[in-house]
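J.: Test case, fold it:
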Amino acid sequence: MQFLKILFWCLLAFVAAVFTFGNWTNVSIKLFGGLVAEVNLPLLLLATFLLGFLPTLVYQRWARFRLRQRLTAAERAMESALAAARGPEPVTPITPTDPVTPPVPTGAA
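T.: Numbers count the residues shown, from 1 in each chain. Below you'll find the model as predicted:
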């Protein structure tokens, strides 16, 4: 499966490189105030792709983070409800078998 992922990304990079070399032309963009910018077409397409992709990616990551937080809270609530339904666990008393005596100092201080 890893080989197919690598093959896919290599083919995608190859297609992008062929597209870039085949369309390496300057495009005039009219800006405000009568300014004109000369931009390479592949750079312009990359910028517009990122302009649409990045906000979507950020929103998707934010939604995934919120869902994980909600799932964690629901799991904690379920664990506490199950613990309350089981009741308290029986406590076994600890009885020492041998009394502990402190050591006697042997040296003069």
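
J.: rest of the way, CA atoms for contacts and neighbours
T.: Noted.

J.: show me where the chain has helices.
T.: Secondary structure of the chain (DSSP state H): helices located at 2-22, 41-86.

J.: Of all residues in the protein, which one is nearest the centre?
T.: With distances taken as C-alpha atoms, centre = their mean, the chain has Arg61 as the residue nearest its mean C-alpha position (7.0 Å).

J.: just wondering, since we're on that one, how far is it from Leu67?
T.: For Arg61, the distance to Leu67 (C-alpha to C-alpha, to the nearest Å) stands at 10 Å.

J.: Then Thr56?
T.: 16 Å.

J.: And for Pro90?
T.: Distance, Pro90 to Leu67, using C-alpha to C-alpha: 37 Å.

J.: which one of the two has more residues nearby?
T.: It is Leu67, of Pro90 and Leu67, that has more neighbours when counted by other C-alpha atoms under 10 Å, with 12 against 6.

J.: what's near enough to touch that one?
T.: By C-alpha atoms under 8 Å, 6 or more residues apart in numbering, the contact set of Leu67 is empty.

J.: So what's the gap between stretch 52-69 and the chain middle?
T.: In terms of C-alpha atoms, centre = their mean, to the nearest Å, the centre of stretch 52-69 is found 9 Å from the chain centre.

J.: typed the wrong thing, it's stretch 79-98
T.: 38 Å.

J.: Ok, stretch 38-52 next?
T.: 27 Å.

J.: What lies in contact with that stretch?
T.: The contact list for stretch 38-52 (C-alpha under 8 Å, 6+ apart) reads 19-20, 23-29.

J.: Mind giving me the PyMOL select for the residues you listed, buried ones only?
T.: In PyMOL syntax, the buried subset of those is picked out as below (16 or more other C-alpha atoms under 10 Å):
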select buried, resi 20
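
J.: so can I have a markdown table of the contacts of stretch 38-52 showing pLDDT?
T.: Below are the contacts of stretch 38-52 laid out as a markdown table (pLDDT from 0 to 100):
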| residue | pLDDT |
| --- | --- |
| Phe19 | 91 |
| Thr20 | 91 |
| Asn23 | 91 |
| Trp24 | 91 |
| Thr25 | 92 |
| Asn26 | 93 |
| Val27 | 92 |
| Ser28 | 93 |
| Ile29 | 91 |
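
J.: No further queries at this time; thank you.
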